[in-house]
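Novice: Okay, predicted coordinates and the sequence, questions at the end:
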Amino acid sequence: MTTGKELQASYQGYRRMATVLIVDDEEGFRHILQIVLQRAGYQTLTANDAQAAATIIETQSPNLIVLDDMMPGMSGSELCIQLKADIRYRAIPVLMHSANSKLHNPAFVESLGADGVLLKPCPPREIVEAVNQYLQAPT
């Protein structure tokens, strides 16, 4: 029988192996998210726009994406729609992270295919809880 401590150690090990891609055109937000998620035990990758994110997704296979909506060029919404339309990437959870008021509308979020929303500014604890929710250790 597995003990609680063994399960916790297994979960912590899984979190350390999980990789989160942070996509935001604002360096400060990328840096804060990176620190918060690394302290929670996640590996992180960062991109400053949707094009760079698409390249990383194709080559690095992150386990989850935290995606800003309002960026120059391709928006996070457009990237999310593309990812969810592609069989190779649709299983990757996408958390939209933005101050965009459209993200308050559940119908809009559903139209993107996003798995969740983190509205800026978002307390670190809520960020970690949201990521944990989508990156549960396999049972």
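Specialist: Thanks, I have the structure now. Residues are numbered from 1 along each chain as shown.

Novice: So V36 sits against I127, correct?
Specialist: Yes - here V36 reaches I127: they are 5.5 Å apart, a contact under C-beta atoms under 8 Å. No exception for glycine: its C-beta is placed from N, CA and C like everyone else's.

Novice: so where's this structure shaky on pLDDT?
Specialist: For the chain, the stretches flagged by pLDDT under 70 are 1-16, 137-139.

Novice: where do the strands sit along it?
Specialist: 19-23, 43-47, 64-67, 94-98, 116-119 (DSSP state E).

Novice: Now do the first one against strand 43-47, angle only.
Specialist: What that stands for is strand 19-23. Angle of strand 19-23 versus strand 43-47, following axes from the mean of the first three to the mean of the last three C-alpha atoms, to 10 degrees, is 20 degrees.

Novice: And the fourth one, by the same measure?
Specialist: Strand 94-98 runs at 60 degrees relative to strand 43-47, counting by the same axes, to 10 degrees.

Novice: Extract the CA atoms of strand 94-98 and return them as CSV.
Specialist: Extracted C-alpha coordinates of strand 94-98, given in CSV (Å, rounded to 0.1, in the frame of the first residue of the first chain):
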residue,chain,number,x,y,z
VAL,A,94,-4.2,26.6,-22.1
LEU,A,95,-4.8,29.2,-19.4
MET,A,96,-5.5,32.6,-20.8
HIS,A,97,-3.8,35.3,-18.6
SER,A,98,-4.9,38.8,-19.5
